[in-house]
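Asks: Got a predicted model here, sequence first, then my questions.
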Amino acid sequence: MTPKVQSILSYIGILWLVAYFGGKQERNDLSKYHLQQGLGLWIIAVIFNIAISVIVLIVPSLAIILSAVSILFLILMIFGIINAANEVRKPLPVIGKMFEDKFDFIG
């Protein structure tokens, strides 16, 4: 698996594991960077979805917030895939800077 494919797959939820385990031999700095960004996006998305789901259980009329947050994370995922496809090392909007130096196990 090429580093470019690893970078693209790192933003697609469960396929992050395929990118991580499938390309250990061919990993470069760009793919490591996108693996960090993709894992960070996934973690933040899961935390937000759980929190908002709990809120919706309490106040069902706020269910529209759940779909709005899901669309926001979809947009961030698309930005990440575009950056990975263009082989650009650019952080995700809003949350990307938080994950640039995290997840040392990826290296």
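Replies: Cool, got the structure. Residues are numbered from 1 along each chain as shown.

Asks: Show me the strands in this structure, by range?
Replies: Taking DSSP state E as the criterion, the chain contains no strands.

Asks: Give me the longest helix you can find in it.
Replies: Residue-count comparison of every helix in the chain, with assignments taken from DSSP state H, identifies helix 29-58 as the longest.

Asks: what does the lowest-mean-pLDDT helix or strand in the chain rub up against?
Replies: Taking mean pLDDT, DSSP states H and E as the measure, the chain has helix 15-22 as its least confident helix or strand, at a mean of 80. The list of residues contacting helix 15-22 from outside it, by Cβ atoms under 8 Å, 6 or more residues apart in numbering, reads Met1, Val5, Gln6, Ser7, Leu9, Ser10, Ser31, Leu35, Gly38, Leu39, Trp42, Ile106. Placement of C-beta: from N, CA and C, glycine included.

Asks: Widest-spaced pair of these?
Replies: Across the contacts of helix 15-22, the longest distance by Cβ to Cβ is 18.8 Å; it joins Met1 and Trp42.

Asks: can you pull the buried residues of the least confident helix or strand of the chain?
Replies: Burial within helix 15-22, assessed by neighbour count using 16 or more other Cβ atoms under 10 Å, is assigned to Trp16, Ala19, Tyr20.

Asks: any idea how far the first one is from Leu41?
Replies: When Cβ to Cβ, to the nearest Å is the yardstick, Trp16 and Leu41 sit 9 Å from each other.

Asks: Pull up the overlap in contacts between those two.
Replies: Contact criterion Cβ under 8 Å, 6+ apart; no residue bridges Trp16 and Leu41 by contacting each.

Asks: So, low pLDDT: which residues of the chain?
Replies: Filtered on pLDDT under 70, the chain yields the residue ranges 23, 107.
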